[in-house]
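In: Take this sequence and fold it.
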Amino acid sequence: MEHIPAKRLLIRSKDTGWFGTDYTMNLYRGCCHGCIYCDSRSDCYRIEHFDQVRAKENALPLLRDELRRKIRSGIVGLGSMSDPYNPFEAELQLTRHALELLDAHQFGAAIATKSDLIARDIDVLSTMREHVPVLCKITVTTTDEALAAQLEPHAPSPVRRLEAVQKLASAGIFTGILLMPVLPYLEDSVENVLSVVEAAAQAGARFVYPAFGVTMRAGQREYFLQRLAELSPDLPGRYLRRYGDRYECPSPHAKALWTAFTRRCRELGLLYQMQHITAAYQRGYGERQLSFFD
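Out: Modelled structure (predicted):
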């Protein structure tokens, strides 16, 4: 494991629209899940050797000092640029100890991951949720194991991720599914979307938050199209004809997917709108700590 220098870890969010997060934090740089669509590969983020995971040097002392200096607590988002539960986390435990520091300084956490390793930290997350908001977001874009292995070749399987959702939900931790991206021409069928929704409900998820499409920009676009060609030679041409150099690339079936998705979520009692998800988990940690948001 290579360590790289870091000047700071907590980055103030421009707004709190993304699940109510006040800060973002990445303890690692790069990711080894190998997802062919990952936006973090884009040139604008300047992450060299993206597939190599590097830990940030002195991350825990640095985080401790930053938290001490904060006058007001807030919610910290983990997993915006690199997965906080990459395979090296099993030994290094940077994410686990960072959560303990957040807890000690009365900061909440909103975690995004594709790894079932998050279930290891149920004890820490359960302690946190007694007095600060805790949200766990597990990405599942398909329940088709063979397709997932092609799109996310080194990430834990959807079955393992859904098992982690079940463990977290059973422990009373507010947990749901990020159904994103839904790749045009590969995952954007009603059957695929509803299979994820139904698997989420069966696992005890509280919400499913979707994006019916994908993003493409310099750096990431070239990699993505190359990998699509390995799946089917006609796919890059279909993408380029429809989307050109656009950043946001919605599925041509987005309207029909949204209609079917929202209907099924309502039937199953799943939240699916950002404001409702955010309000629900922020309220869910106990009346005695409402001053957190004053």
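In: Just checking the distance from stretch 22-32 to the centre of its chain.
Out: Its chain's C-alpha centre and that of stretch 22-32 lie 11 Å apart, by CA atoms, centre = their mean, to the nearest Å.
In: Check stretch 209-221 too.
Out: How far stretch 209-221 lies from its chain's middle: 14 Å, per CA atoms, centre = their mean.
In: what are the ranges of the strands in the stretch 101-250 of the chain?
Out: Assigned strands in the stretch 101-250 of the chain, in chain order: 108-113, 134-139, 175-179, 207-210, 213-215, 248-250 (criterion: DSSP state E, counting those that start in this stretch).
In: Next, format these as a markdown table and append mean pLDDT and distance to Arg227.
Out: Bear in mind the C-beta positions are built from the backbone N, C-alpha and C, glycine included. What follows is the strands of the stretch 101-250 of the chain, written out as a markdown table (pLDDT from 0 to 100; distance: least, CB to CB, whole Å):
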| stretch | mean pLDDT | distance to Arg227 |
| --- | --- | --- |
| strand 108-113 | 97 | 22 |
| strand 134-139 | 98 | 18 |
| strand 175-179 | 98 | 20 |
| strand 207-210 | 98 | 22 |
| strand 213-215 | 98 | 12 |
| strand 248-250 | 98 | 15 |
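In: Could you export those strands to TSV, including columns for mean neighbour count and distance to Gly17?
Out: Output for the strands of the stretch 101-250 of the chain, formatted as TSV (neighbours: other CB atoms under 10 Å; distance: least, CB to CB, whole Å):
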stretch	mean neighbour count	distance to Gly17
strand 108-113	25	12
strand 134-139	26	14
strand 175-179	25	15
strand 207-210	22	13
strand 213-215	21	17
strand 248-250	16	16
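In: In CSV: these, plus distance to Val124.
Out: Putting the strands of the stretch 101-250 of the chain into CSV (distance: least, CB to CB, whole Å) gives the following:
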stretch, distance to Val124
strand 108-113, 9
strand 134-139, 9
strand 175-179, 14
strand 207-210, 22
strand 213-215, 32
strand 248-250, 36
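In: Quick check: which of these is nearest to Phe50?
Out: Ranking these by proximity to Phe50 (CB to CB) places strand 213-215 first, at 15.4 Å.
In: quick one: strands adjacent to that closest one?
Out: Sheet pairing of strand 213-215 (DSSP bridges) gives strand 248-250 (antiparallel).
In: of all the strands of the stretch 101-250 of the chain, which lies closest to Arg264?
Out: Closest to Arg264 of those is strand 207-210 (CB to CB; 9.2 Å).
In: Would you map the helices across the chain?
Out: For the chain, the helices defined by DSSP state H occupy 59-69, 89-92, 94-104, 122-128, 145-151, 158-170, 190-203, 220-231, 235-243, 254-268, 274-283.
In: Tabulate the ones you listed (JSON lines), appending distance to Tyr23 and mean neighbour count.
Out: Listed next are those as JSON lines, based on distance: least, CB to CB, whole Å; neighbours: other CB atoms under 10 Å:
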{"stretch": "helix 59-69", "distance to Tyr23": "9", "mean neighbour count": "15"}
{"stretch": "helix 89-92", "distance to Tyr23": "20", "mean neighbour count": "15"}
{"stretch": "helix 94-104", "distance to Tyr23": "10", "mean neighbour count": "20"}
{"stretch": "helix 122-128", "distance to Tyr23": "15", "mean neighbour count": "18"}
{"stretch": "helix 145-151", "distance to Tyr23": "30", "mean neighbour count": "15"}
{"stretch": "helix 158-170", "distance to Tyr23": "22", "mean neighbour count": "20"}
{"stretch": "helix 190-203", "distance to Tyr23": "27", "mean neighbour count": "19"}
{"stretch": "helix 220-231", "distance to Tyr23": "25", "mean neighbour count": "17"}
{"stretch": "helix 235-243", "distance to Tyr23": "33", "mean neighbour count": "15"}
{"stretch": "helix 254-268", "distance to Tyr23": "29", "mean neighbour count": "16"}
{"stretch": "helix 274-283", "distance to Tyr23": "15", "mean neighbour count": "17"}
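In: Distance to Lys14 and mean pLDDT for the ones you listed - can I get that in CSV?
Out: Compiled in CSV, the helices of the chain are given as follows (distance: least, CB to CB, whole Å; pLDDT from 0 to 100):
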stretch, distance to Lys14, mean pLDDT
helix 59-69, 18, 96
helix 89-92, 27, 97
helix 94-104, 21, 97
helix 122-128, 25, 97
helix 145-151, 30, 98
helix 158-170, 29, 98
helix 190-203, 29, 98
helix 220-231, 21, 96
helix 235-243, 26, 97
helix 254-268, 26, 98
helix 274-283, 16, 93
